[in-house]
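Asks: Requesting a structural model of the entry that follows:
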Amino acid sequence: MNKIILLSSAASLFALTGAQAADLPIVEPVDYVRVCDAFGAGFHYIPGTETCLKFSGRVRTEIGIRDDEDDDETDTSFLNSEFELVINASSMTEVGLLVGQFSISGENEGDVEIEDAWITIGENILVGRETSRYDFGGGYGIYDGLYVDEGINQFTFIMPFGNGLSMTLGLEDGRDRRANIAQYNGTDSTIAVTSAFSTGAGGGGSITKTTTIASGAYVGQDATYAGMEIPEVVASLRISQGWGSAQVSGALHQIRSISTFDPTAPYTTVTFTGAALDVLDEDYGWAVQAGVELNVGSMTKVKVVGAYADGAMHYIGGEDYYEAAVDITTGDITDTMSGWYVLAGLSHDLSSALNVAVTGSYHDFDEQAELWQVSANIEYEVVENLTVSLAGQYTDVETEENEMLGTEDGDSDSWEAKLRIQRDF
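Replies: Coordinates of the predicted model:
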């Protein structure tokens, strides 16, 4: 009898335990973050997907000095800090490698802004904000010359031919490629200058005198750039191999001006005879560039870049100069300004941790100015991803007299030097 009771109790306990175990929730296996080595170091799979994610960036701080240019309001010493964060998402898909990347940066107390934001689809499509395919870059070091190398919105088609050779054709945002448009007086124009006077007790009147602005006189106001109608058309051919790389590129640039001469400045007027106001006109500029960078052994690099532009001054680093001139008597673009530059740089590793570099460039903004720049840089890698750099740059600008553009002869030089500490990750 006791044996029967014992066996019955054990069976009941086993059944009860089994029923409770069946009611417990099932624990799903943990999907840990996995290393993704398909796209290089630093990538990890996003849990539950086949997309690989990578975070990288830098933090840097600088202290420097510059000449005061005889201006007491100019800061002769400065301290800067900035950061950049880069996020890359890559995956293999039915259409090939799909990559999306963006970077944000901030400096001192300024706003955080987008540096790049682009997508590549396979080997052929690049869309978004990324460095222009026209650009071949500048020299070496912190001060690497005056040139065009910036993020720009674009739709670019890439055709790789193999063995490091590729061709690109794209449309880019023309708003980032604008320079200035000058206005001048093409024919004699008449202004009527009115002066008011008072005789007291509410009396008074005005006297009007007529003045003529002679043909060719500079009127002192730039035309307004009209809205973008046609994006920049940019094409390039590039080769990159073990010996280095080389590229030729070209761009077509639309100039759209609105003649906006205001007769109230610098004159107080009531009439202005013979001038066309708010007239839209269009013209086209262009630019070509060629560059080569050579690996001289394993420790030295040499780079030479040259470019020529007509009516597209931004492409040669001249966004602060004039690229066209408008006759205010007709509102027509009558002249486009040309220019060219050449840049050369040398970088040499004294050791695996120590590098020295020099860069020099010459710019000729035809009938406007000549500009020389030379810089030197020394960089030391204290430990991996921590570098200390010391650099300096000298600039000389010779301005030419141009009555139509309103420029006068002048010569100015300036220099700047800085110490930078940078942590990459």
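Asks: what's the residue closest to the geometric middle of the protein?
Replies: Closest residue to the average C-alpha location of the chain: Glu150 at 2.3 Å, with CA atoms, centre = their mean.
Asks: Isn't that one up against Glu172?
Replies: No: at 10.8 Å, Glu150 and Glu172 do not qualify as touching, with contact defined as CB atoms under 8 Å. From N, CA and C alone the C-beta is placed, and that goes for glycine too.
Asks: which neighbours do those two share?
Replies: Ser132 (CB atoms under 8 Å, 6 or more residues apart in numbering).
Asks: Confirm His314 sits in a helix?
Replies: Yes: the assignment for His314 (DSSP: H, G, I helix; E, B strand; the rest coil) places it in a helix.
Asks: Quick one: residues contacting it.
Replies: 148, 176-179, 253, 323.
Asks: Distance of Glu384 relative to Ala353?
Replies: Counting by CB to CB, to the nearest Å, the gap from Glu384 to Ala353 is 10 Å.
Asks: who has more neighbours, these two?
Replies: Between Glu384 and Ala353, counting by other CB atoms under 10 Å, Ala353 is the more crowded of the two (13 against 8).
Asks: Tell me the pLDDT of the residue nearest to the more buried one when sequence neighbours are not counted.
Replies: Of all residues not flanking Ala353 in the chain, Glu381 sits nearest, at 4.4 Å (CB to CB, 6 or more residues apart in numbering). Looking at Glu381, its pLDDT is 98.
Asks: Is Glu381 in contact with Asp349, as I believe?
Replies: No: with contact defined as CB under 8 Å, Glu381 does not reach Asp349; the gap is 10.3 Å.
Asks: re the thing from before, now rank the contacts of His314 by neighbours and give me the top one.
Replies: Glu323 leads the contacts of His314 on contacts (other CB under 10 Å) with 32 neighbours.
Asks: Give me the contact list for the helix or strand in which that residue is found.
Replies: Using DSSP states H and E, Glu323 falls within strand 322-327. Strand 322-327 is contacted from outside by 178-186, 223, 255, 257, 259, 281, 283, 285, 311-314, 332-337, 368, 404-405, using CB under 8 Å, 6+ apart.
Asks: can you rerun that using 7 Å?
Replies: 179-184, 186, 223, 255, 257, 259, 281, 283, 285, 311-313, 332-337, 368, 404-405 (CB atoms under 7 Å, 6 or more residues apart in numbering).
Asks: Please pick the buried ones from these.
Replies: Among the contacts of strand 322-327, the ones that count as buried by 16 or more other CB atoms under 10 Å are 179-184, 186, 223, 255, 257, 259, 281, 283, 285, 311-313, 332-333, 335-337, 368, 404-405.
Asks: So which of the residues you listed are in strands?
Replies: Judged by DSSP state E, the subset of these located in strands is 180-184, 255, 257, 259, 281, 283, 285, 332-333, 335-336.
Asks: Out of those, which comes closest to Thr49?
Replies: Gly285 (46.4 Å; CB to CB).
Asks: wouldn't the closest one be in contact with Ala312 here?
Replies: Yes: between Gly285 and Ala312 there is a contact under CB atoms under 7 Å: 3.7 Å.
Asks: Identify the contacts common to the two.
Replies: 253, 323.
Asks: Below-threshold pLDDT in the stretch 151-300 of the chain: ranges please.
Replies: 191-204, 206-211, 213, 217-218, 220, 261-277 (pLDDT under 70).
Asks: same thing but 50
Replies: Applying pLDDT under 50 to the stretch 151-300 of the chain picks out residues 270.
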